[in-house]
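Participant: With the input below, show me the fold.
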Amino acid sequence: MRALFMFCLVLIAQSLFAQLTLQGKVIDSATGQPLANVSVFISNTSAGTTTKQDGSFSLSIPQGTYQIVFSYIGYTTKTFTTNTISNSFHIGLSPAENRLADVVLMPFEKDGWARWGKFFTDLFIGTTDEALQCIIQNTKTIRFRQDKKNKTLQAVAFEPLIITNKALGYKIQYQLEEFTYDFNNKYLFYQGYPLFMEMQGSRHKQKHWQEKRREVYEGSQMHFMRSLYRNTLMQEGFDVFRMLKTENEEKKRIKQALRYGPIPKDSSAYYENILAEPDEKSIIYSGRLTGDSIAFGINDITAGFQFDNYLYINYNKKKVPDAFLRSFPKSTANMASEITLLEKVILQVEANGNFHPQLALLNTGYWGWSEKISRILPFDYTYGR
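Facilitator: Next up is the predicted model:
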């Protein structure tokens with residue numbers, strides 16, 4: 001069976017090299033006039049182009065499920081998945097009137113970047129060592145508004161963000177569609193479409209970037225998904241365990257008791273220790289999971305990935321970077337992450353590590369810190385390059 005499985009993988013790998021050519025034309029949906037210089041690209045890859053004066057474009061796309069993004073300043077971004085479109089088609093873009101209407105309902109803060117710039121950068125770019133070498137070149141396009149009633153912060157960009165990542169050697173064009181932070185639940189939600197462009201540099205710089213990309217890749221979520229697809233989790237260094245989280249009943253009891261009176265002096269140390277514990281307790285089950293125990297084949301190029309509750313994932317081939325321990329000094333040095341599905345769906349995973357729906361998967365632990373713009377790689381990244 002193992003030999004048959006490997007043979008199937010070879011066939012699948014060969015099919016992935018097949019390229020399709022997507023051709024079409026982009027017009028203004030209201031006037032019917034062609035739109036030139038519209039950015040057309042495969043999200044989270046280095047494949048992209050722009051429309052010509054007559055609105056036409058041609059783009060080579062690999063076999064698989066990807067998001068094709070059509071982005072133009074002043075117009076609403078449109079996306080399509082490659083399995084829902086034909087090789088040749090027309091698309092109409094509409095002016096972004098809804099966003100302008102929102103500005104009237106809730107105006108942006110004056111000097112918003114001065115107040116929220118670092119907060120935004122830490123959440124979006126990250127607090128990694130690589131983040132220190134990331135620069136958003138057009139910060140003036142980012143505006144902020146705070147909803148004090150609902151205790152949320154929203155960031156809006158009226159043009160694609162241009163980000164230079166000197167640590168990994170990429171220039172990133174990022175179409176930010178939504179960025180909202182919930183202060184009550186300390187939950188960040190952001191969505192966007194990045195296009196990666198290779199930076200030019202000396203042979204020494206190119207070698208350095210290759211080494212840094214490989215370092216970032218090892219133990220990343222992309223590495224995990226690719227290993228899951230190939231059923232090589234253990235061989236690649238991933239220890240995966242089922243995990244259950246339950247409410248911390250003792251902490252809940254103490255919180256309720258404090259509503260009716262102060263902490264008893266003879267119990268103050270105990271109370272303080274319990275209150276310092278997390279709201280939930282984690283139970284990690286013994287027995288490492290293999291890829292074929294949580295994933296299965298959907299078709300020739302897609303694997304299904306589904307699980308209940310949580311998965312605890314530790315990459316055992318190296319420890320976390322020092323920057324992670326500076327951000328979370330009480331954490332262990334293990335490169336451990338926890339994932340859960342926000343909705344009961346089957347994730348569709350492809351050979352390059354791409355998976356969807358991406359918004360259904362929530363990362364905490366190491367990946368919650370590391371999977372930021374400063375450390376993400378394009379899905380067409382090749383290991384070691």
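
Participant: which SSE is residue 190 in?
Facilitator: Using DSSP states H and E, residue 190 sits in strand 187-198.

Participant: For that strand, what is the distance to the chain centroid?
Facilitator: From the chain centre to the centre of strand 187-198 is a distance of 7 Å (Cα atoms, centre = their mean, to the nearest Å).

Participant: which of the residues in it are buried?
Facilitator: Neighbour counts over strand 187-198 (16 or more other Cβ atoms under 10 Å) mark 192, 193, 194, 195, 196, 197 as buried. C-betas here are computed from N, CA, C, even on glycine.

Participant: Next secondary structure element downstream of that strand?
Facilitator: Where DSSP H and E defines the elements, the next helix or strand beyond strand 187-198 is helix 203-217.

Participant: Which residues does the strand holding residue 190 contact?
Facilitator: 39, 41-46, 48, 67, 69, 71, 77, 79, 123-124, 169-182, 359, 373, 376-378 (Cβ atoms under 8 Å, 6 or more residues apart in numbering).

Participant: repeat for stretch 345-361
Facilitator: Residues from elsewhere that reach stretch 345-361, judged by Cβ under 8 Å, 6+ apart: 12-13, 16, 44, 64-66, 191, 221-226, 228-230, 295, 298, 301-306, 339-343, 379-380.

Participant: returning to that earlier point: so which of the buried residues of strand 187-198 is the closest to residue 368?
Facilitator: Comparing these against residue 368 with Cβ to Cβ picks out residue 192 as the nearest, at 17.7 Å.

Participant: From residue 47, how far out is the closest one?
Facilitator: In this view, residue 192 and residue 47 are 17 Å apart by Cβ to Cβ, to the nearest Å.

Participant: How far off centre is stretch 71-84?
Facilitator: 19 Å.

Participant: ok, for residue 77, nearest residue in space, not its chain neighbours?
Facilitator: residue 71 (5.0 Å; Cβ to Cβ, 6 or more residues apart in numbering).

Participant: List the contacts of that neighbour.
Facilitator: Residue 71 sits next to 38, 39, 41, 77, 160, 175, 193 when contact means Cβ under 8 Å, 6+ apart.

Participant: can you do 10 Å?
Facilitator: By Cβ atoms under 10 Å, 6 or more residues apart in numbering, the residues touching residue 71 are 38-41, 43, 48, 50, 77-79, 93, 159-160, 173, 175, 177, 193, 195.

Participant: Give me the pLDDT value at it.
Facilitator: Residue 71 carries a pLDDT value of 90.

Participant: cool, and residue 191?
Facilitator: 88.

Participant: Check residue 282 too.
Facilitator: Predicted confidence (pLDDT) for residue 282: 83.

Participant: From residue 242, how far out is it?
Facilitator: Residue 282 sits 11 Å away from residue 242, going by Cβ to Cβ.

Participant: okay, the two: which has more neighbours?
Facilitator: Neighbour totals were compared for residue 282 and residue 242, and residue 242 leads with 19 against 12 (other Cβ atoms under 10 Å).

Participant: what sits against the more buried one?
Facilitator: By Cβ under 10 Å, 6+ apart, the contact set of residue 242 is 283-289, 293-294, 307-312.

Participant: distance of it from residue 352?
Facilitator: Residue 242 is 26 Å from residue 352, by Cβ to Cβ.

Participant: Please apply the same query to residue 184.
Facilitator: For residue 184, the distance to residue 352 equals 37 Å [Cβ to Cβ].

Participant: Which residue, neighbours along the chain excluded, lies closest to residue 75?
Facilitator: In space, and not counting its chain neighbours, residue 75 is closest to residue 93: 4.2 Å by Cβ to Cβ, 6+ apart.

Participant: if I pick that neighbour, what's in contact with it?
Facilitator: Residues near residue 93 by Cβ under 10 Å, 6+ apart: 26-30, 35, 38, 55, 70-72, 74-78.
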